[in-house]
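A.B. asks: Next come a sequence and a model predicted from it.
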Amino acid sequence: MSSRAFSRVAVLMGGPSAEREVSLSSGAECAAALRRAGYDVTEIDAGPGGNDALVAALKDARPDAVFNALHGRWGEDGCVQGLLEWLRIPYTHSGVLASALAMDKARTKDVYAAHGIPVVPHKVVTREEAKAGHPLPPPYVVKPVNEGSSVGIYIVDADANGPAQLSDDMPDLVMAEAFAPGRELTCAVMGDRALTVTDIVATSGWYDYDAKYKPGGSRHVIPAEIPAEVFDACLEISRKAHAALGCRGLSRTDLRWDESRGVDGLVALETNTQPGMTPTSLAPEQAAECGITFEELVTWITEDASCLR
């Protein structure tokens, strides 16, 4: 431990978002690995108590650094990052601005486009507008502007009789984006290193929340069996996305690839600034493929913790 910057680490997990259960699983895995690596770990369930409860828990734990294993709004969108900046506690993953940008899918695409990263046409509309008429020519996808893990996604087929009849649970603002046909690819970036490319094959239907997190919901082909030029383009796009958004630590960029168009068929969908760390998560699996154990990964993420960035 003498060569490490931190010894006491608080792992933030849970939270009030729609991704609470995933975060609890990620946090438990990370806390266990950090203990095995020799850190003094406190697990904090940043639940419905909000900022005041989290501040009290952090002041009681007095960590040298925070491992942020929260997912979704509040924990991943810059809010908790801003609180940790105010407390001047070093924390893992991206800072306030990058976290806020990456959580807002529309602004993410604006940043992508400004840096030459390929995207599909998209439009932000109200929930009622999306229900009243097609915001884009079908086929297209409707999703919350600021949720992750395939929460609340509707696919409108090319032959649909009408627009998506969105649930009242959907936020007031949603994003419609043209449906990108082809294969689901993803690439994690660790610092300035793009790790590898995974081809995600859903066992049934499409890559929704259950396919992501339930055992057997999807099959991961790693490294992806795709042409070398497409593989390399995925690595480069993911590195560019990480840098363009100002990410720190570990991120993961999701892409789609239309095989009929070669490299030109690649588009970037979104960047996750705090990828899942569950037993079925993609980033740890990619790290392992590159010879990085889970303990080594969480140790690297922890030692990369910072504030005021």
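C.D. replies: Perfect, I can see it now. Numbering: from 1, shown residues only.
A.B. asks: tell me, what residue is most central in this protein?
C.D. replies: Nearest to the geometric centre of the chain sits Asn272, at 2.2 Å (C-alpha atoms, centre = their mean).
A.B. asks: just checking, that one touches Asp254?
C.D. replies: Yes: here Asn272 reaches Asp254: they are 7.3 Å apart, a contact under C-beta atoms under 8 Å. C-beta here means a position set from N, CA and C on the backbone, and glycine is covered the same way.
A.B. asks: tell me the contacts of the residue nearest to the centre of the chain?
C.D. replies: Applying C-beta atoms under 8 Å, 6 or more residues apart in numbering to Asn272 gives the contacts 102, 148, 251-254.
A.B. asks: Surely Thr196 and Cys290 touch.
C.D. replies: Yes: with contact defined as C-beta under 8 Å, Thr196 reaches Cys290; the gap is 6.2 Å.
A.B. asks: neighbour-wise, which of the two wins?
C.D. replies: When Thr196 and Cys290 are compared for neighbours, Thr196 comes out ahead with 18 against 13, by other C-beta atoms under 10 Å.
A.B. asks: helix/strand/coil for the more buried one?
C.D. replies: When classified by DSSP: H, G, I helix; E, B strand; the rest coil, Thr196 comes out as strand.
A.B. asks: What ranges does this structure have for its helices?
C.D. replies: Per DSSP state H, the chain carries helices over the ranges 20-36, 50-61, 79-87, 96-103, 105-114, 127-132, 209-213, 228-245, 282-289, 294-303.
A.B. asks: how about these, which one is nearest Ala178?
C.D. replies: Set against Ala178 and scored by C-beta to C-beta, the helices of the chain come closest in helix 105-114, at 11.3 Å.
A.B. asks: Report all helices and strands that that closest one contacts.
C.D. replies: helix 96-103, strand 122-126, strand 173-178, helix 228-245, strand 266-272 (3 or more C-beta pairs under 8 Å, 6 or more residues apart in numbering; DSSP states H and E).
A.B. asks: Any chance of those in JSON lines with mean pLDDT as columns?
C.D. replies: What follows is the helices and strands packed on helix 105-114, written out as JSON lines (pLDDT from 0 to 100):
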{"stretch": "helix 96-103", "mean pLDDT": "95"}
{"stretch": "strand 122-126", "mean pLDDT": "94"}
{"stretch": "strand 173-178", "mean pLDDT": "93"}
{"stretch": "helix 228-245", "mean pLDDT": "98"}
{"stretch": "strand 266-272", "mean pLDDT": "96"}
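A.B. asks: possible to save these as TSV with distance to Ser260?
C.D. replies: Converted to TSV, the helices and strands packed on helix 105-114 look like this (distance: least, C-beta to C-beta, whole Å):
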stretch	distance to Ser260
helix 96-103	30
strand 122-126	22
strand 173-178	16
helix 228-245	12
strand 266-272	12
